[in-house]
Every structure is written in C-alpha cells, then in structure tokens.
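K.L.:
Structure for the following, please:
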Amino acid sequence: MALFVDSIPSIPSDLLSYESSLFDTAATERIDLLTKGTVAATEIELELRRFLLRVSRGHNIGIDQVVITEALRRWHILRTIELTYRDCYHQQLNERYKHKLEQYCHLSDSAASLLFDLGVGIVYVPIRRPGRPSLSHTTGTQMAGTWFAKVSWVTSEGTESEAGPMSSLTAPPASSVTVTPPQAPGYVMSWNVYLGTNPEALEKQNSTPLPLEADWSLPQAGLHSGNVPPQGQFPDTYLRRSNTVLRG
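P.N.:
From the prediction side, this is the model:
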C-alpha cells in the first residue's frame, strides 16, 4: 500500500464507480477533478493529523506513517465527489446539485467514521518512494525501441518501498539500456529495477537488491520475467478511534 504522503489516494477514474456521470458534470461546470482530488487530500490530511494527535498519546506517530488502505481511499473518493458538487451547487444554485451535495456530504462523513472505527493503517518505519531513475543507452544487441523503468528502495531488513514514477528512453538499434537510481535517503540500503518495453507491463530485472552506488545494465540476453512493481508497505498496526492498537 502506498504511503499517504507519496500518493493521492484516488484518481478521477476511480470516482466513476460511485458517480458515472461525474465527468460530464465536471466538463459542463468546468471543474477540474484532479484539483478537487488534491484539495480533498489536503482536507483529509488535516483531519488525519488531528486524529493522530488525539489517539497516539505522545508516541509521535506522524502523517508520514499513514498508508492508503481501502477505507482511506474510499473516503477520499467520496470527499472529492462532495467537493465537486459543492462547486456545482455554488455556481448554479441548482436543486439537483444541492441534493447530490447533501448525499455525498453524508457519504463522506460516514466513510471517515468507518475509517476511524476500522483503524488508520500505520507503518513503524515508512519508506518514501523514490523519484524517477535516469535512463541511458550504450552499445548492445537490442533492437530499436522505447524502454520504461521504475525503481524501488529496499531497507537492510528487506522491506521494499512503493515503486516510484516511471522514466522512459527511446534507444537506437544495436544498443542496450542502463538504469541509474536517484539519490537515496540515508535509511535505504539497496534498490530494485523494474523494466519493460510496455509501460503497463514492467517486471523486476534483478535477482538480488542492487547496491546504491551501482547502475544496472540490461544483459545481452535481454529482459526476463519477474515480479511487477510493488504497491508499497502493508500496515504494521492500526490506530482506531477508541485508541486501541490492532496488531497487523
């Protein structure tokens, strides 16, 4: 699961599961759903910070330790739709928009309550996802084409971060590709590389974690099958409204 500080919990296409006509409504009213999603995440962050202060009892649990569980993702979806209809109603004072606003305001509040009852997912040692890797080409045996790559961080305990954003490179015939990781934080010991010619089908290419000071180059044999890019850390524990800690 991704860290809350690394990713917006949902994207506009996720909203359609709850409101199939939302794209048409947003286009008609000239509302940017990406912006609404960012605003919703900011509002949720403030509420999560307040919650953590109340229930952590001085244990210094921060927003950087929160992971995006399905309950948190659902809250973000509903809050984004609520904010969208709030704008629609304020622009038009349309009774249909008012009804939608009230509906999603209630659903968003219920989703928040459910999250705090089920528990906010927390990791003890958060590993921020890396930035984009650098790609370069050298002389090799591969055909001309475009390569896509992501990397992830690995700690000394073997815990792996979410894979970071993707980089791409178009290489000429008779070449190979080299991947260089971005600057690593101090708590990271190694990294993994995920590479492919299809941005939707990247696979892990190293059998063991790579040293931070080492680049990775595609071997003459080319790509091999491996794991897909990781989605991040699973919660180590959950903090609930009752201040009961549930062991993960």
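
K.L.:
and residue 189, what is it in contact with?
P.N.:
Contact analysis of residue 189 by C-beta atoms under 8 Å, 6 or more residues apart in numbering lists 154, 155, 156, 209, 212. Yep, even glycine has a C-beta here, placed from its N, CA and C like the rest.

K.L.:
For the residues you listed, please prepare JSON lines with the additional fields distance to residue 198 and neighbour count.
P.N.:
Output for the contacts of residue 189, formatted as JSON lines (distance: C-beta to C-beta, whole Å; neighbours: other C-beta atoms under 10 Å):
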{"residue": "154", "distance to residue 198": "24", "neighbour count": "22"}
{"residue": "155", "distance to residue 198": "29", "neighbour count": "15"}
{"residue": "156", "distance to residue 198": "33", "neighbour count": "10"}
{"residue": "209", "distance to residue 198": "24", "neighbour count": "19"}
{"residue": "212", "distance to residue 198": "28", "neighbour count": "14"}
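
K.L.:
Among the residues you listed, show me the least confident.
P.N.:
Lowest model confidence among the contacts of residue 189 falls on residue 156, which carries 91.

K.L.:
what about it, is that helix, strand or coil?
P.N.:
coil (DSSP: H, G, I helix; E, B strand; the rest coil).

K.L.:
Just give me the closest of the contacts of residue 189 to residue 137.
P.N.:
Proximity of those to residue 137 (C-beta to C-beta) peaks at residue 212, which lies at 22.3 Å.

K.L.:
For that closest one, give me its contacts.
P.N.:
Residue 212 neighbours (C-beta under 8 Å, 6+ apart): 181, 184, 188, 189, 190, 191.

K.L.:
What about those residues, which one has the most neighbours?
P.N.:
The most crowded member of the contacts of residue 212, judged by other C-beta atoms under 10 Å, is residue 181 (27 neighbours).

K.L.:
Report the contact partners of that residue.
P.N.:
Contacts for residue 181 (C-beta under 8 Å, 6+ apart) come out as 130, 133, 151, 191, 193, 210, 212, 215.

K.L.:
Could you check how far it is from residue 73?
P.N.:
Using C-beta to C-beta, to the nearest Å, residue 181 is found at 28 Å from residue 73.

K.L.:
got it, and residue 118?
P.N.:
Here the criterion is C-beta to C-beta. By it, residue 118 lies 12 Å from residue 73.

K.L.:
With neighbour numbers in mind, choose between those two.
P.N.:
Using other C-beta under 10 Å as the criterion, residue 118 and residue 73 rank with residue 73 on top: 19 against 16.

K.L.:
which non-adjacent residue is nearest that one?
P.N.:
Distances taken as C-beta to C-beta, 6 or more residues apart in numbering place residue 9 nearest to residue 73, at 4.6 Å, with adjacent residues excluded.

K.L.:
same thing with residue 115?
P.N.:
Excluding its sequence neighbours, the residue lying closest to residue 115 (C-beta to C-beta, 6+ apart) is residue 71, at 4.3 Å.

K.L.:
so is that neighbour in a helix, a strand, or just coil?
P.N.:
Of the three states, residue 71 takes helix under three-state DSSP.

K.L.:
quick one, phi psi at the residue nearest to residue 73?
P.N.:
Dihedral pair for residue 9: phi -60, psi -30, per degrees, to the nearest 10.

K.L.:
Next, the contact list for it, please.
P.N.:
Residue 9 is in contact with 41, 44, 68, 72, 73, 75, 76, 77, counting by C-beta under 8 Å, 6+ apart.

K.L.:
Okay, and which of those residues map to helices?
P.N.:
Residues of the contacts of residue 9 located in helices (DSSP state H): 41, 44, 72, 73, 75, 76, 77.
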